[in-house]
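# Pasting the sequence and the predicted model now:
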Amino acid sequence: MKPFLAYAGKVVHVGPVGAGHAVKAINNALLAVNLWAAGEGLVALVRQGVSAEKALEVINASSGRSNATENLIPERVLTRAFPKTFALGLLVKDLGIAMGVLEGARDPSPLLRLTREVYEMAKRELSPEADHVEALRLLERWAGVEIR
């Protein structure tokens, strides 16, 4: 495993062949869920007159925090920077892989299925090349507000 440490900060053996692929896909599916849910919540709060920055201050000191609320939204959505780091099309591909993992195991997954549909819609509306965080622009468009 030592050669992997040259390009990976942490290496974890997760199981038999294919298990790492499954963990990566489910991890990215959870990223998608957290990002979209945080976006929905922040859109609702902004429409109620709450500053997204202040809302995130509370959320990140509480139980609703996630990588999306701690890093992605403050660094990309609030700043309107949206750097291209992980394409929306790749996230949608990973959501499809996650669905395959769940279907292969016959596991229930209504929220992940809905999340895939939402991101498929975002990919069609924005473009596969858009950054995955830009999916929140679709929420903003629907609500008629910017997350700020």
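Received, thanks. Numbering: from 1, shown residues only.
# and residue 142, what element?
helix 135-143 (DSSP states H and E).
# just so I have it, where are all the helices in the chain?
19-47, 52-59, 67, 88-104, 110-126, 135-143 (DSSP state H).
# chain center to the longest one: distance?
Just to be clear, that refers to helix 19-47. 3 Å (Cα atoms, centre = their mean, to the nearest Å).
# again, but for the fourth one
For helix 88-104, the distance from its own C-alpha centre to the chain's C-alpha centre is 13 Å (Cα atoms, centre = their mean).
# For the helix holding residue 142, name the packing helices and strands.
helix 19-47, helix 110-126 (3 or more Cβ pairs under 8 Å, 6 or more residues apart in numbering; DSSP states H and E). Bear in mind the C-beta positions are built from the backbone N, C-alpha and C, glycine included.
# what angle separates the shortest one from helix 88-104?
Helix 110-126 runs at 150 degrees relative to helix 88-104, counting by axes from the mean of the first three to the mean of the last three Cα atoms, to 10 degrees.
# Could you pull out the buried residues of helix 110-126?
Buried residues in helix 110-126, counting neighbours by 16 or more other Cβ atoms under 10 Å, are found at 112, 115-116, 118-119, 122-123, 126.
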